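1. Can you look at this prediction? I've put the sequence above it.
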Amino acid sequence: MEIAFIAELIQHLQQSTIEEMELRGQGCALRLKAEQTRPSGGALPASKSQTLDSDKQSNKLVIRATALGFFENQHPSNEQPFVAQGSEARVGDIVGLVRQGRFFSVVRAETEGHIGSMLKQNGETVAFGDVLFELNARERSYT
């Protein structure tokens, strides 16, 4: 394991509700344990746990990674991507997956809109909170 990778793991452990993690590879093992004060109930502040928020620099809605792992824009058993640039996303739609070994964390749209930019490519490493998509809010018609 490289030092930069271990440092990144430590940073993500400090920002998450995970108290301990252990990684084992060929010829090595690593155990990290958080010894930090967390808010009551172990929850993170709301700003850390939201996957959809306004990107303050560009004033666009963004969808963020829900976990540390590899971004997947399609299910492993399907060649069709969940979404493409310009496609419509509705509340609750699956827009991607974050693969962590054999497990997947689902990334869902939390508002309606069109995918403006896809900032991560299929198979790219992502960290908790990384921006995956910029979302253009859909104009509502009241006629």
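-> Yes, it's here.

2. from here on, contacts and neighbour counts on C-alpha atoms
-> OK.

3. Give me the three-state assignment for residue 11.
-> Reducing the assignment at residue 11 to three states with DSSP: H, G, I helix; E, B strand; the rest coil gives helix.

4. Would you mind measuring from the residue minimising distance to the centre of the chain to residue 30?
-> The centroid of the chain falls nearest to residue 65 when counting by CA atoms, centre = their mean (0.9 Å). Going from residue 65 to residue 30 by CA to CA, to the nearest Å gives 24 Å.

5. swap in residue 128?
-> 20 Å.

6. Looking at the two now, which is surrounded by more residues?
-> The neighbour count for residue 128 versus residue 30, taken as other CA atoms under 10 Å, is higher for residue 128 (19 against 11).

7. so the more buried one sits right up against residue 67, yeah?
-> Yes - taking CA atoms under 8 Å as the definition, residue 128 is a contact partner of residue 67 at 4.4 Å.

8. pull the CA atoms of stretch 124-136 into PDB?
-> These are the backbone C-alpha positions of stretch 124-136, laid out as PDB (Å, rounded to 0.1, in the frame of the first residue of the first chain):
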ATOM      1  CA  GLU A 124     -12.600   6.100 -11.600                       C
ATOM      2  CA  THR A 125     -11.700   6.300  -7.900                       C
ATOM      3  CA  VAL A 126     -14.000   8.500  -5.800                       C
ATOM      4  CA  ALA A 127     -13.900   9.700  -2.200                       C
ATOM      5  CA  PHE A 128     -16.900  10.400   0.000                       C
ATOM      6  CA  GLY A 129     -18.400  13.700  -1.100                       C
ATOM      7  CA  ASP A 130     -16.700  14.000  -4.500                       C
ATOM      8  CA  VAL A 131     -18.900  15.600  -7.100                       C
ATOM      9  CA  LEU A 132     -20.000  13.000  -9.600                       C
ATOM     10  CA  PHE A 133     -22.600  15.000 -11.600                       C
ATOM     11  CA  GLU A 134     -23.700  18.600 -12.100                       C
ATOM     12  CA  LEU A 135     -27.400  18.700 -12.500                       C
ATOM     13  CA  ASN A 136     -29.400  21.400 -14.300                       C
END
